[in-house]
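Undergrad: sequence and computational prediction follow.
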Amino acid sequence: MSDTQSRLEIVKKIAVEIAGPNADKVDRESRFPTEAIEALKKAKLMSALVPVAGGGMGVGMIELAAMCETLGQHCASAAMVFAMHQIQVACIVRHAMHQPFYQGYVRELLEKQNLIASVTSEVGVGGEMRTSICGVERQGDRFTLVKDASTISYGAQADDLLVTARRAPDAPPNDQVAVLVRKADYTLEQKGAWDTLGMRGTCSPPFKMSSKGVVDQIMTVPFSDVASHTMVPFSHVLWASCWLGIATSAVSRARAFVRAQARQKPGAMPPTALRLAEAAAMLQAMRTNVRDVQNECEELMKSDEGTQSLSSIGFSLKMNNLKVTCSQQVTQIVQHALLICGIMGYKNDSPYAVGRHLRDGHSAALMVGNDRIYGTNASMLLVLKDD
Amino acid sequence: MSEEIRSILKQHARLSVDVATIADDADLYQAGMTSHASVNVMLALEGQFDIEFPDRMLKRGVFESISAIRAAVEELTQGR
């Protein structure tokens, strides 16, 4: 068995035996999926992306996507927390390993399996990740940074935070840096609740974050490069993989339902079977969509030239299209599963329940709003010449 | 169990001969069972014995004869 296979077996075991059995409780109580994340930490998977040369597993995007999909089949909140953490790790290992502070941090990550949350959102910027209001205030070799974040997923449960801010308070809004701040050096003041339709276990309320640290914690590579070369591609592929897990699980419940119907009356095709055939085709289209972009990303990331082309207009469009199409596909597929399972899908206590799937799936179009992405694509299409 | 299997075959296998005259090891496909009919046989077996045939067992040989079916059902109900 290859390393990849055995790691995926471990993730599957965690998904089936730990994340899945706790998923309803996590959803109902809107609480963090502690058990699943603890199990992933125990399996040392929080540092999966750290290259083998640096003492890690050297897992790539494709394998990570498969892990997210597997977790997503059993608990979408746990899958999304895992995905968001890995996106932060990817930014660090791909852009900051020349900085002694980050070399030390990654060594600690390998050992302690710290959970890293992202603080990109900010009150007042209207969801635009590439703009900040707050700025890093330097005094000698120290800094302070205060950010009014409109949402920090698992902020209260995280060990460390990766925060975006202007390079300095007087820098332009898009001259941003990423800064890792440590648990002992920040405080979070919760400014609201997280009582949502779905993805309830991600625990993502607004917080006012106040932090301090040494300037070595500021990434030297501009955030614009970190975002286009790593954060955006990893986000779109890993999020889409979580959603693919949700859709896969809904279709598998629908399949079980149709088979049970068929068994009751062999020879008579259940009326739901055609809709199942349709859902299976939709799922395949969604899966192909994710696989295509993740394969291309992983290939491009292998070379410097390829990495540069990740920020090309053509590839940006492609990734944005992955996000908007998958976020629509997931709810359409789950909706189909609901129609197939009928009242048994609507009931939360049934083995064919897909209510949580539907509620979790609806987050997909909103986390970075699809209309915002379509707007970006619209302007890129004005200048793209790919014929 | 063979009787239950025979009763399912009688209802769903659409054999060209009376199932009662068939030996346990006789080839059901030669006796006229189509692959479409074998799907219904499988569904009826799943319903009757409360089992699910995994993908690895969805092949011709598993439904070829009464004894082959019995062996498969026994494997799936083992340990109950």
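TA: Arrived safely.
Undergrad: wait, does the helix or strand where A:Asn289 lies contact chain B?
TA: A:Asn289 is located in helix A:273-301, with elements delineated by DSSP states H and E. No. Taking Cβ under 8 Å from any Cβ of the partner chain as the criterion, helix A:273-301 and chain B are apart, separated by no less than 11.5 Å. Glycine gets a C-beta too; all of them are placed from N, C-alpha and C.
Undergrad: which parts of that helix are buried?
TA: Residues of helix A:273-301 classed as buried: A:273, A:275-276, A:279, A:282-283, A:286-287, A:289-291, A:293-294, A:296-298, A:300-301 (neighbour count, 16 or more other Cβ atoms under 10 Å in any protein chain shown).
Undergrad: ok, stretch A:243-262 next?
TA: Those would be A:243-251, A:253-255, A:257-262, for stretch A:243-262 by 16+ other Cβ under 10 Å.
Undergrad: what of stretch B:26-33?
TA: Applying 16+ other Cβ under 10 Å to stretch B:26-33 flags B:Ala26, B:Leu28, B:Tyr29, B:Ala31, B:Met33 as buried.
Undergrad: quick check: the residue nearest to the fourth one when sequence neighbours are not counted vs A:Phe257, distance?
TA: This points to B:Ala31. Excluding the flanking residues, the one nearest B:Ala31 by Cβ to Cβ, 6 or more residues apart in numbering or on different chains is B:Leu15, at 4.7 Å. Distance, B:Leu15 to A:Phe257, by Cβ to Cβ, to the nearest Å: 31 Å.
Undergrad: just A:Glu299 next, same as before
TA: 39 Å.
Undergrad: how about low-confidence regions in chain B?
TA: For chain B, applying pLDDT under 70 flags no range at all.
Undergrad: any residue of the longest helix along chain B touching chain A?
TA: Ranked by residue count and defined by DSSP state H, the top helix of chain B is helix B:35-49. Yes. For helix B:35-49, a contact with chain A is found by Cβ under 8 Å from any Cβ, at B:Val39, B:Asn40, B:Val41, B:Leu43, B:Ala44, B:Glu46, B:Gly47.
Undergrad: got CSV for these, with distance to A:Lys208 too?
TA: Formatted as CSV, these follow (distance: Cβ to Cβ, whole Å):
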residue, distance to A:Lys208
B:Val39, 61
B:Asn40, 64
B:Val41, 66
B:Leu43, 59
B:Ala44, 64
B:Glu46, 57
B:Gly47, 59
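Undergrad: ok, these vs A:Lys347, which is closest?
TA: Closest approach to A:Lys347 among the residues of helix B:35-49 next to chain A (Cβ to Cβ): B:Gly47, at 22.3 Å.
Undergrad: that closest one and B:Val19, how far apart?
TA: 18 Å.
Undergrad: and A:Ala156, by the same measure?
TA: Relative to B:Val19, and taking Cβ to Cβ, A:Ala156 is found at 66 Å.
Undergrad: more crowded one of the two?
TA: Higher neighbour count among A:Ala156 and B:Val19: B:Val19, with 18 against 14, using other Cβ atoms under 10 Å in any protein chain shown.
Undergrad: contacts only, for that one.
TA: B:Arg6, B:Leu9, B:Lys10, B:Ala13 (Cβ atoms under 8 Å, 6 or more residues apart in numbering or on different chains).
Undergrad: put the buried members of those residues into a ChimeraX selection.
TA: Selection of buried members from those for ChimeraX, criterion 16+ other Cβ under 10 Å:
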select /B:6,9,13
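Undergrad: looking at the contacts of B:Val19, which are in strands?
TA: Members of the contacts of B:Val19 lying in strands (criterion: DSSP state E): none.
Undergrad: what ranges does the chain have for its helices?
TA: Answering for chain A, as no chain was given. For chain A, applying DSSP H gives helices covering A:3-14, A:20-29, A:34-42, A:61-72, A:76-95, A:100-112, A:223-226, A:232-264, A:273-301, A:304-309, A:313-341, A:343-346, A:355-361, A:370-383.
Undergrad: chain B is the one I meant
TA: Under DSSP H, chain B gives helices at B:2-12, B:35-49, B:66-77.
Undergrad: point out the most buried one among the ones you listed.
TA: A comparison of the helices of chain B by mean neighbour count, using mean count of other Cβ atoms under 10 Å in any protein chain shown, puts helix B:35-49 on top with a mean of 19.
Undergrad: so which elements touch it?
TA: For helix B:35-49, the elements it packs on are helix A:232-264, helix B:2-12, helix B:66-77, judged by 3 or more Cβ pairs under 8 Å, 6 or more residues apart in numbering or on different chains; DSSP states H and E.
Undergrad: tell me which parts of the stretch 251-387 of chain A are close to chain B?
TA: Residues of the stretch 251-387 of chain A lying near chain B (Cβ under 8 Å from any Cβ): A:Arg259, A:Ala262, A:Arg263, A:Gln264, A:Pro266, A:Gly267.
Undergrad: one more time with 6 Å
TA: A:Ala262, A:Arg263, A:Pro266, A:Gly267 (Cβ under 6 Å from any Cβ of the partner chain).
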